[in-house]
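Student: From the sequence below, what's the structure:
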Amino acid sequence: MSDSFLRNALRQRLRSVAIADDRRSGSLSITFDRAFPGFDGHFAEQSIVPGLCFIQLAVILAEEIRGQPTRLAEIVRLKSLKPIQPEESVNLALTRRNGRWQAVTTTPAGETVCQLLFTVKDA
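Tutor: Numbering: from 1, shown residues only. Take a look at the predicted model:
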């Protein structure tokens, strides 16, 4: 699956995107329906969202906050804590500090799904 195909599939499923007035933070919500192409071939017996999707969501939100095309530069730290299955929703909160972005993905009930610290560059 190409990078642009995945980005488009994720963007189509976004339910909400909010950006702080100071453009240093933002949040988004997404539901992964059964037709989401990221499930294809990823644990066919019990599909889960690939971890790459949470990274890509964070980069998409960073791009929205920055207001310009953005690419991942470096993953400083990544911790996946809870698998997400078809029809589940998540919320992602993103904050920029000292040139790094910190993303925390949670379920609507507040369970942490993924924690990510990363940097970006212009696309």
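
Student: Of all the helices and strands in this protein, which has the lowest average confidence?
Tutor: Lowest on mean pLDDT, DSSP states H and E among the helices and strands of the chain sits helix 3-13, with a mean of 93.

Student: residues in contact with stretch 68-77?
Tutor: By Cβ atoms under 8 Å, 6 or more residues apart in numbering, the residues outside stretch 68-77 that reach it are 55, 59, 62-63, 100, 115-123. (Each C-beta comes from the backbone N, C-alpha and C, glycine too.)

Student: List the buried residues for that stretch?
Tutor: 70, 72 (16 or more other Cβ atoms under 10 Å).

Student: then that stretch to CSV, C-alphas only?
Tutor: Extracted in CSV, the C-alpha atoms of stretch 68-77 (Å, rounded to 0.1, in the frame of the first residue of the first chain):
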residue,chain,number,x,y,z
GLN,A,68,2.1,23.0,4.8
PRO,A,69,3.0,19.6,3.2
THR,A,70,4.8,17.5,5.9
ARG,A,71,6.7,14.3,6.0
LEU,A,72,8.0,12.2,8.9
ALA,A,73,11.6,12.9,9.7
GLU,A,74,12.3,10.7,12.8
ILE,A,75,10.5,8.5,15.3
VAL,A,76,12.2,9.3,18.6
ARG,A,77,9.9,6.9,20.6
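
Student: rewinding a little: list the buried ones in whichever helix or strand comes after the least confident helix or strand of the chain?
Tutor: Moving toward the C-terminus from helix 3-13, the next helix or strand (DSSP states H and E) is strand 14-19. Applying a neighbour-count criterion of 16+ other Cβ under 10 Å, one finds 14, 17, 19 buried in strand 14-19.

Student: Any chance of a markdown table for those residues, columns distance to residue 82?
Tutor: Listed next are the buried residues of strand 14-19 as a markdown table, based on distance: Cβ to Cβ, whole Å:
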| residue | distance to residue 82 |
| --- | --- |
| 14 | 20 |
| 17 | 22 |
| 19 | 26 |
